[in-house]
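K.L.:
dropping the sequence and predicted coords here.
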Amino acid sequence: MALLKMDTRALCLAVFVFMAMAFSSCHAARVECHQISPCSTVICGEQCTEVLGFKNPEILCIPANPPSEYYDTCCCRERENVTRTSLSK
């Protein structure tokens, strides 16, 4: 039972860390999470782009906890466009 509580705490911490990273940018990024089964990078990526309309999403699959639950969680966040400028003249 103690192991189950530790897994739950670790999962909650992972979700909070992901959400903190998602909202730490200068402007609020759109983040959406939904349940799917099973969650893989391919399936989650397709859900983010085709169903939710993200153009260039960052994705995160969170396994069901406990593993006997049926649905995993897929989170999508729009990837920021980063442009690099040359320092040389």
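P.N.:
Structure received.

K.L.:
all strands for this protein, in order.
P.N.:
31-36, 57-62, 72-78 (DSSP state E).

K.L.:
give me the helices and strands touching the last one, please.
P.N.:
Here strand 72-78 touches helix 2-22, strand 31-36, helix 41-46, strand 57-62, going by 3 or more C-beta pairs under 8 Å, 6 or more residues apart in numbering; DSSP states H and E. All C-beta spots, glycine's among them, are computed from the backbone N, C-alpha and C.

K.L.:
counting neighbours, which bits of the third one end up buried?
P.N.:
The reference is to helix 41-46. 43-45 (16 or more other C-beta atoms under 10 Å).

K.L.:
what is the burial count for K55?
P.N.:
9 (other C-beta atoms under 10 Å).

K.L.:
quick check: it vs C75, distance?
P.N.:
From K55 across to C75, the span is 16 Å (C-beta to C-beta, to the nearest Å).

K.L.:
and if you look at A29?
P.N.:
11 Å.

K.L.:
A14: which of the buried residues of helix 41-46 is nearest?
P.N.:
Minimum distance to A14 across the buried residues of helix 41-46 is 15.3 Å, recorded for C44 (C-beta to C-beta).

K.L.:
surely that closest one touches P63?
P.N.:
No. Counting by C-beta atoms under 8 Å, C44 does not reach P63; the two are 11.9 Å apart.

K.L.:
for the buried residues of helix 41-46, which one is nearest T8?
P.N.:
Looking across the buried residues of helix 41-46 and measuring by C-beta to C-beta, the closest to T8 is C44, at 21.7 Å.

K.L.:
show me the contacts for the closest one.
P.N.:
36, 59-61, 74, 76 (C-beta atoms under 8 Å, 6 or more residues apart in numbering).

K.L.:
skipping adjacent residues, who's closest to it in space?
P.N.:
Leaving aside its sequence neighbours, C44 sits nearest to C74 (C-beta to C-beta, 6 or more residues apart in numbering; 3.9 Å).

K.L.:
and for I59?
P.N.:
C44 (4.6 Å).
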